[in-house]
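> when you get a sec, could you give me coordinates for this:
(2 chains)
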Protein chains: 2
Amino acid sequence: MAAKVLPRRSIWMFGLESEEPTEQQRRDFAKDFSERQGVEVDLPPIPRVEDLQLREPRIKPPQSLADFCRMDNYERALHAKGDRLEEIRGVFKNPPDIVAHPGTEQELQDVLEWCSDNEYAAIPYGGGSSSVEGVTPPEGYGGIVTIDMDQFDQVLEIDETSRAARIQAGIYGPALEDRLRPHGFTLRHFPQSFAGSTLGGWIATRSGGHYATNDTHIDDFVESVRMLTPVGWWESRRLPGSGAGPSPDRIALGSEGILGVITEAWMRIQVRPKFRATAGVTFPSWEAGYEATRQIVQTKLWPANLRLLDPDLARDGAGLDGTQALLIIGFESAELPQEWPMRQAVEIARGAGGQIEDDDIGFAGSGQPTGRGGAAGAWRDAFIPKGGGVAVGLGRVANTVESSITWDRWPEFDAQVRQALAKALKEVCGGGTINCRFTHVYTDGPAPYYTFAGRYKPGIGSEAQAAVKQAASEAIMKAGGTITHHHAVGRQHRPWYDEQRPEPFAIALRASKRALDPNWVLNPGVLIDP
Amino acid sequence: MAAKVLPRRSIWMFGLESEEPTEQQRRDFAKDFSERQGVEVDLPPIPRVEDLQLREPRIKPPQSLADFCRMDNYERALHAKGDRLEEIRGVFKNPPDIVAHPGTEQELQDVLEWCSDNEYAAIPYGGGSSSVEGVTPPEGYGGIVTIDMDQFDQVLEIDETSRAARIQAGIYGPALEDRLRPHGFTLRHFPQSFAGSTLGGWIATRSGGHYATNDTHIDDFVESVRMLTPVGWWESRRLPGSGAGPSPDRIALGSEGILGVITEAWMRIQVRPKFRATAGVTFPSWEAGYEATRQIVQTKLWPANLRLLDPDLARDGAGLDGTQALLIIGFESAELPQEWPMRQAVEIARGAGGQIEDDDIGFAGSGQPTGRGGAAGAWRDAFIPKGGGVAVGLGRVANTVESSITWDRWPEFDAQVRQALAKALKEVCGGGTINCRFTHVYTDGPAPYYTFAGRYKPGIGSEAQAAVKQAASEAIMKAGGTITHHHAVGRQHRPWYDEQRPEPFAIALRASKRALDPNWVLNPGVLIDP
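Purely as a prediction, here's the structure:
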């Protein structure tokens, strides 16, 4: 089967090669940054694929697999997913030996069987957007085969009556939406990695969409999953609901490639929203903002958006004064104008000290977005990531941690995480900035998302980054949160994940893994060890 | 620890001893039934505990467990959960040898360890309301210990801020609500077995509440679970949401006692509803009714109730003419009047051919129920089960099957299940009645619930009951549904459950069970075999 040619992705930044900045843009950025910070910066030049000196592949595919197995620099570097600070300098320490692009289920079976028989690490790969080294090849394996599912990129069936579609796992977010749009549908799942991640990756990592309440996790949209395990095909029935034993889909969800390779899923889809309402409500303090958020989510109006920004973020992202928090409330519907739920939510917000003029509540009824103006609009513009490539290689400590916590423990949790981050940033970088927003909100608690950046110090490395993240992770665990709400576990979150999960669950997961993957070849090192 | 004395439950019918009918009531019912049907019926007398001749207990608890282990007729008969037609005649073929009522976690550990060490079957037991032999002792064991959790009956903590409560697993529905009510809260989970089932049972069986959409399954209310397995305590963190690997709670949910004994859970609770709206909309046909139901659920207004009755049921339960379907729509909220969502839902229903006068839409704003009048009110009265005990022992083929199916396949599914039921009722009983309602509705499909009753034939036995249910189960599976939407698997649904689940999932579940319960003592025969 002839491979489909997809746009080439950047080996050193998130996005496509076509989206990479030029050398000139990087130099301009470095110069500007250097002047603003008053320090010398030295951004390395963009690495060229043809110049890379990668470790020679240690294994070779048999003839039967050769057609869809790649061993060139571009493929191996792209799938190496190691230390970005090293990779921008052309150092790819542990690239996969082979990158397989199976085009059919038979080809997938063949390559997985070959890996299992030979005990090569087999890494199921979607878009590679993991921020926790979820698809990074492990050390200590004599052969590593990354299985890139990008040839599985079709929407196979659309059931307009049930509002569901059978979709292949390797399809990227934008292509998926492009295929559903002509039929008037959307999956309505927009993680921040949307452009560079796939359906299979979302399912394997329990991805969170950018909607704030109710249907937003990929978990909620899964009707059934088809997954290849080393002992055979795992396929659940397509069902709206079932009480027949523990849900098989809920084991596939979050399995991070250790139990099988997801090939397709029936997904619940939605008619594209036509009616929208957006409001940006300001609050005199962070505390007033989160109290209002709690009240709104607990009334179960199920807003599409209920995103609270702390005062620092509201200042930087939406131009507020640095004391006020900003709550972005959004409703949307394919069928019904959203005035009523929005008015209710705004009244609750006002009752809790929120400020918004009636004229600043945006309503739209023909599919166009609202909220282009005012504080909400400013925030929206700042949220869409752009131009990230110019800063890669700078070596700045800048990262995010995310969690969820019940409301009763939230204020203490917030204080502890900020304190730990501030202390670590001080120690490592001499200081830095921390802000927080709620990405998702539940009746019983928020999912806070912290962004931090250390003061710039030339020559700082990945260990500094890791040290700050470690301090935050420890604080999160100590304060009772989850080590990850929607970034998954991967290799980076393992120590805290191991602490978080019930020990008998680990025993059960280990036994399941051993039974399904007897040679322990699937994404080894992730979630559980033998 | 001194055992708490709880009201005695009936050994032969669903409910308490105090709710049993008298001999006279049973004789009156038999006479009346006999006259209506034109057949002789012979209802056996109520069995007396002191007369029962049970198999002698084959094992004895050690002294250390004796305080909370019961071996008397009442306890062993109550927990036998065998063939009801035989039990009303005083025949309890395979009662447990011992019924343990541990009062502390230490006592629970001790009894489970004793069972595991000696390879006695250990059956975790909530209210015993299973309709699928979920807690019926298995054949082929030399010792059977039923572990009744009724001493674990406390609400331990209420977190009013997060709206969550830590609740012991053995608490029955009414007691649970009684404890939450003074604080203004409710779990808002009302399965039809509510009065005779427990929180632990709901979690173990993925119980469905009587609300129709969105938050109704016990799955949705679980924040964390504490469960004793033979290899140790399984306790998940209390979290609003998490993306850290497959959800441990989702393995406990539906585990039906084969992985551990649930002792407590943090559950999401809700402020008691104050505002309610109810409407009973009639449709010219079953087809028009389910098309309207689909449209309403797909607008995501999330009604508390969206219960569709087919024309036969609407006639028998609500006095309609036998051609019309009835859709009961309900909304409720603790905070907000429900006029707006109700008006939207009614407009959609009308657009799909539904009839209701504006005056017949009920609204209430101070906590009192609505819908006492009109078609919806008549149905509500008929729904609450009462006086079931008078007919026990009649030997009438009467049962229910439930499933869920996507909308695209629903009409064909409905036709096939009805056809199979009609054929089986004809063969077994010479005919009978079948009706259907939707108990739950999802955007991608309904959860239909079929009630059937065969024409009465004296002397008919449990095999006849089983034969009809088998025919329906086969039709459900063939037409693509789930073998159970909210009745669980137990021993009765096993053959179809085995067919339904993905084979690699069965392999994983078997391995998990073996790892957690090495001697395979927990509820053997349910869900999976060695």
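> list the buried residues in stretch A:333-349.
A:333-338, A:340-342, A:344-346, A:348-349 (16 or more other Cβ atoms under 10 Å in any protein chain shown). For every residue, glycine as well, the C-beta is placed using N, CA and C.
> quick one: secondary structure of residue A:451?
What DSSP: H, G, I helix; E, B strand; the rest coil gives for residue A:451 is strand.
> quick one: residues contacting it.
With Cβ atoms under 8 Å, 6 or more residues apart in numbering or on different chains as the criterion, the residues that contact residue A:451 are A:313, A:398-400, A:434-437.
> narrow the residues you listed to those in strands?
Among the contacts of residue A:451, the ones falling in strands (DSSP state E) are A:398-400, A:434-437.
> mark which of these are buried, thanks.
Buried by 16+ other Cβ under 10 Å: A:398-399, A:434-437, out of these.
> okay if I get those as JSON lines plus distance to chain B and pLDDT?
Converted to JSON lines, these look like this (distance: Cβ to the nearest Cβ, whole Å; pLDDT from 0 to 100):
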{"residue": "A:398", "distance to chain B": "22", "pLDDT": "91"}
{"residue": "A:399", "distance to chain B": "17", "pLDDT": "93"}
{"residue": "A:434", "distance to chain B": "22", "pLDDT": "97"}
{"residue": "A:435", "distance to chain B": "21", "pLDDT": "97"}
{"residue": "A:436", "distance to chain B": "16", "pLDDT": "98"}
{"residue": "A:437", "distance to chain B": "16", "pLDDT": "97"}
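> rebuild the buried residues of stretch A:333-349 as a markdown table, extending it with distance to residue B:417 and pLDDT.
Shown next, in a markdown table, are the buried residues of stretch A:333-349 (distance: Cβ to Cβ, whole Å; pLDDT from 0 to 100):
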| residue | distance to residue B:417 | pLDDT |
| --- | --- | --- |
| A:333 | 34 | 94 |
| A:334 | 31 | 94 |
| A:335 | 31 | 94 |
| A:336 | 34 | 95 |
| A:337 | 39 | 96 |
| A:338 | 39 | 96 |
| A:340 | 39 | 97 |
| A:341 | 38 | 97 |
| A:342 | 43 | 97 |
| A:344 | 41 | 97 |
| A:345 | 43 | 98 |
| A:346 | 47 | 98 |
| A:348 | 45 | 98 |
| A:349 | 48 | 98 |
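> now the residues you listed in JSON lines, with distance to residue B:491 and secondary structure?
Converted to JSON lines, these look like this (distance: Cβ to Cβ, whole Å; DSSP: H, G, I helix; E, B strand; the rest coil):
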{"residue": "A:333", "distance to residue B:491": "45", "secondary structure": "strand"}
{"residue": "A:334", "distance to residue B:491": "44", "secondary structure": "coil"}
{"residue": "A:335", "distance to residue B:491": "44", "secondary structure": "coil"}
{"residue": "A:336", "distance to residue B:491": "46", "secondary structure": "coil"}
{"residue": "A:337", "distance to residue B:491": "51", "secondary structure": "coil"}
{"residue": "A:338", "distance to residue B:491": "49", "secondary structure": "coil"}
{"residue": "A:340", "distance to residue B:491": "49", "secondary structure": "helix"}
{"residue": "A:341", "distance to residue B:491": "46", "secondary structure": "helix"}
{"residue": "A:342", "distance to residue B:491": "51", "secondary structure": "helix"}
{"residue": "A:344", "distance to residue B:491": "48", "secondary structure": "helix"}
{"residue": "A:345", "distance to residue B:491": "48", "secondary structure": "helix"}
{"residue": "A:346", "distance to residue B:491": "54", "secondary structure": "helix"}
{"residue": "A:348", "distance to residue B:491": "49", "secondary structure": "helix"}
{"residue": "A:349", "distance to residue B:491": "53", "secondary structure": "helix"}
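> also near chain B: which of those residues, exactly?
Applying Cβ under 8 Å from any Cβ of the partner chain, the subset of those adjacent to chain B comprises A:333-336, A:340-341, A:344, A:348.
> identify the farthest-apart pair in those.
Across those, no pair lies farther apart than A:334 and A:348, at 24.6 Å, counting by Cβ to Cβ.
> what segments of the stretch 351-500 of chain A are helices?
When assigned using DSSP state H, counting those that start in this stretch, the helices of the stretch 351-500 of chain A occupy the ranges A:374-383, A:410-429, A:462-478, A:494-500.
> and those as TSV, adding mean pLDDT, mean neighbour count and distance to residue A:524?
Putting the helices of the stretch 351-500 of chain A into TSV (pLDDT from 0 to 100; neighbours: other Cβ atoms under 10 Å in any protein chain shown; distance: least, Cβ to Cβ, whole Å) gives the following:
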stretch	mean pLDDT	mean neighbour count	distance to residue A:524
helix A:374-383	59	19	36
helix A:410-429	97	19	30
helix A:462-478	95	19	21
helix A:494-500	97	18	12
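> out of those, the one nearest chain B is which?
helix A:494-500 (5.3 Å; Cβ to the nearest Cβ).
> what packs against that closest one?
With contacts taken as 3 or more Cβ pairs under 8 Å, 6 or more residues apart in numbering or on different chains; DSSP states H and E, helix A:494-500 sits against helix A:462-478.
> what's next to the helix it packs on, contact-wise?
A:83-86, A:397-399, A:401, A:403, A:413, A:416-417, A:419-421, A:423-425, A:427-429, A:450, A:452, A:454, A:482-483, A:492-493, A:495-496, A:499-500.
> go with 6 Å
The contact list for helix A:462-478, computed with Cβ atoms under 6 Å, 6 or more residues apart in numbering or on different chains, reads A:83, A:85, A:397, A:399, A:401, A:403, A:416-417, A:420-421, A:424, A:428, A:496.
> how about low-confidence regions in chain A?
By pLDDT under 70, the weakly predicted segments of chain A are A:1-2, A:366-387.
> would you map out the domains in it?
Segmentation of chain A into domains, based on automatic domain parsing, reads A:44-148, A:155-271, A:274-490.
> pick the most deeply packed of the ones you listed.
Neighbour counts (mean count of other Cβ atoms under 10 Å in any protein chain shown) averaged over each of those peak at domain A:155-271, with a mean of 23.
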